[in-house]
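K.L.:
coords please:
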Amino acid sequence: MQQQPKAQHAGPIAIGALAALLVAVILVAILTGRYPVMPGDIFAVVVAKLSGGESGVAPTIETVIWNVRLPRVCAGILVGASLAAAGAVYQGLFRNPLVSPDILGVSTGASFGAAVGIFLSLSVLAIQGLAFAGGLAAVAIVYAIGSIVRERDPILVLVLAGVAIGALLGACVSLLKVLADPYNQLPAITFWLLGSLASVNRADLGSILPAVLVALLPMVLLRWRMNLMTLDDEEARALGVETRWIRIVIVAAATLMTAAAVSISGIIGWIGLLVPHVARMFVGPDFSRLLPTSMLIGAAYMVGVDTLARSIAAIEVPLGILTAAIGAPFFLYLLLTTRRGWQ
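P.N.:
Predicted structure coming up:
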């Protein structure tokens, strides 16, 4: 009973410290790379682009900052924050600390959509659109199955349906990989499934930002109801919460956010599973503090991992490999050292 006030007091401090950490990680990410960049160059280029003036920076450095590193860092912020927020929502909604954003099949649906686009040799924009639509369609099918099977626990039905649909779509992706051209299409599908921000540009950011903001709005507006959704449905309804409609709205928001992020980055695991656990260590389970904390940690982690991916070797390491290599041991550490319940 004494830990809750302490968590409430530490919440604003932790959020402020994490925001400062995110700014530091962003600065390091922009400065890191084969082309040396000074902190003053970043400020000069941003001011010049926003004001329409001259930056006084070498054209090559200006191009690297404005067209390459800044869009990539912004994409890392959006993707990391989105996956972490969706993970926090799903773990609270399904009352399970092992739930991640792909529990309802959104990631495998996006994978299938992108694989179809690559198999048909479509444009990058079309591939991203198919990935986005595939993620939404997969969750829509899962929810349709859940609405048909009403006499059982709705959460259990959704999880089991998500596992089944995810397995089916995973098999479809494997079939496309078998049928794909082994010299062009197969490497492209494999690289997309491993996750990367290497080809992200400002147009990609503009395409997913509205979806992320729209999805974030119900999470913020319903933040206090999310605390009640961690209770059993009967208890939540006794407190005046309409669990069925809130679950539909929140799942739709988290799915929209995840599908938007995955459509430009590919499949990046462990962020939605691991980050909410770390956030709870800082601020506790209260969703009004857990959501911004998870988003800050997820954004900083994603930007940091992406910086590591493009700087530790001569070739870029896929993000999915690094997030798994870092996230799995850390998750096991949390599992072995945490003595109290996840809530």
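K.L.:
Double-check residue 289 against residue 11; I have them as touching.
P.N.:
Yes - using CB atoms under 8 Å as the test, residue 289 is close enough to residue 11 to be in contact (4.3 Å). All C-beta spots, glycine's among them, are computed from the backbone N, C-alpha and C.
K.L.:
what's the overlap in contacts for those two?
P.N.:
residue 283 (CB atoms under 8 Å, 6 or more residues apart in numbering).
K.L.:
Least confident secondary structure element in the protein?
P.N.:
Least confident element among the helices and strands of the chain, by mean pLDDT, DSSP states H and E: helix 233-238 (a mean of 77).
K.L.:
List the buried residues in that helix.
P.N.:
residue 236 (16 or more other CB atoms under 10 Å).
K.L.:
By residue count, what's the longest helix in this structure?
P.N.:
Looking across the chain with DSSP state H, the single longest helix is helix 3-31.
K.L.:
which one of residue 289 and residue 11 has more residues nearby?
P.N.:
Applying other CB atoms under 10 Å to residue 289 and residue 11 shows that residue 289 carries more neighbours, namely 22 against 19.
K.L.:
give me the element that one is part of.
P.N.:
Using DSSP states H and E, residue 289 sits within helix 287-309.
K.L.:
which residues in the stretch 1-150 of the chain form helices?
P.N.:
3-31, 39-51, 59-63, 70-93, 106-119, 124-148 (DSSP state H, counting those that start in this stretch).
K.L.:
Low-confidence ranges, this structure, go.
P.N.:
Within the chain, the stretches with pLDDT under 70 are 1-10, 151, 338-343.
K.L.:
quick one, what contacts the residue nearest to the spatial centre of it?
P.N.:
Nearest to the geometric centre of the chain sits residue 83, at 1.8 Å (CA atoms, centre = their mean). Counting by CB under 8 Å, 6+ apart, residue 83 makes contact with 101, 258, 261, 268, 271-272, 275, 298, 302.
K.L.:
For stretch 230-241, report the contacting residues that lie outside it.
P.N.:
Contacts for stretch 230-241 (CB under 8 Å, 6+ apart): 92, 95, 154, 225, 228-229, 243, 285, 343.
K.L.:
quick check, nearest of the residues you listed to residue 19?
P.N.:
residue 285 (20.7 Å; CB to CB).
K.L.:
Alpha carbons only: can I get the helix holding residue 289 in PDB?
P.N.:
Extracted C-alpha coordinates of helix 287-309, given in PDB (Å, rounded to 0.1, in the frame of the first residue of the first chain):
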ATOM      1  CA  PHE A 287      -2.300   3.800 -17.400                       C
ATOM      2  CA  SER A 288      -2.300   7.600 -17.400                       C
ATOM      3  CA  ARG A 289       1.400   7.500 -16.500                       C
ATOM      4  CA  LEU A 290       2.200   4.200 -18.100                       C
ATOM      5  CA  LEU A 291       1.200   5.400 -21.600                       C
ATOM      6  CA  PRO A 292       3.500   8.400 -21.900                       C
ATOM      7  CA  THR A 293       6.300   6.500 -20.200                       C
ATOM      8  CA  SER A 294       6.100   3.600 -22.500                       C
ATOM      9  CA  MET A 295       6.000   5.800 -25.500                       C
ATOM     10  CA  LEU A 296       9.100   7.700 -24.400                       C
ATOM     11  CA  ILE A 297      11.100   4.500 -23.600                       C
ATOM     12  CA  GLY A 298       9.900   2.900 -26.800                       C
ATOM     13  CA  ALA A 299      11.000   5.900 -28.900                       C
ATOM     14  CA  ALA A 300      14.400   6.200 -27.300                       C
ATOM     15  CA  TYR A 301      15.000   2.400 -27.500                       C
ATOM     16  CA  MET A 302      14.000   2.300 -31.200                       C
ATOM     17  CA  VAL A 303      16.200   5.300 -32.100                       C
ATOM     18  CA  GLY A 304      19.100   3.900 -30.200                       C
ATOM     19  CA  VAL A 305      18.800   0.400 -31.700                       C
ATOM     20  CA  ASP A 306      18.500   1.900 -35.200                       C
ATOM     21  CA  THR A 307      21.600   3.900 -34.600                       C
ATOM     22  CA  LEU A 308      23.400   0.800 -33.500                       C
ATOM     23  CA  ALA A 309      22.100  -1.100 -36.500                       C
END
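K.L.:
Just the buried residues of the very next helix or strand once past it, please?
P.N.:
Using DSSP H and E, the helix or strand that follows helix 287-309 towards the C-terminus is helix 319-337. For helix 319-337, burial by neighbour count (16+ other CB under 10 Å) applies to 319-320, 322-324, 326-327, 331.
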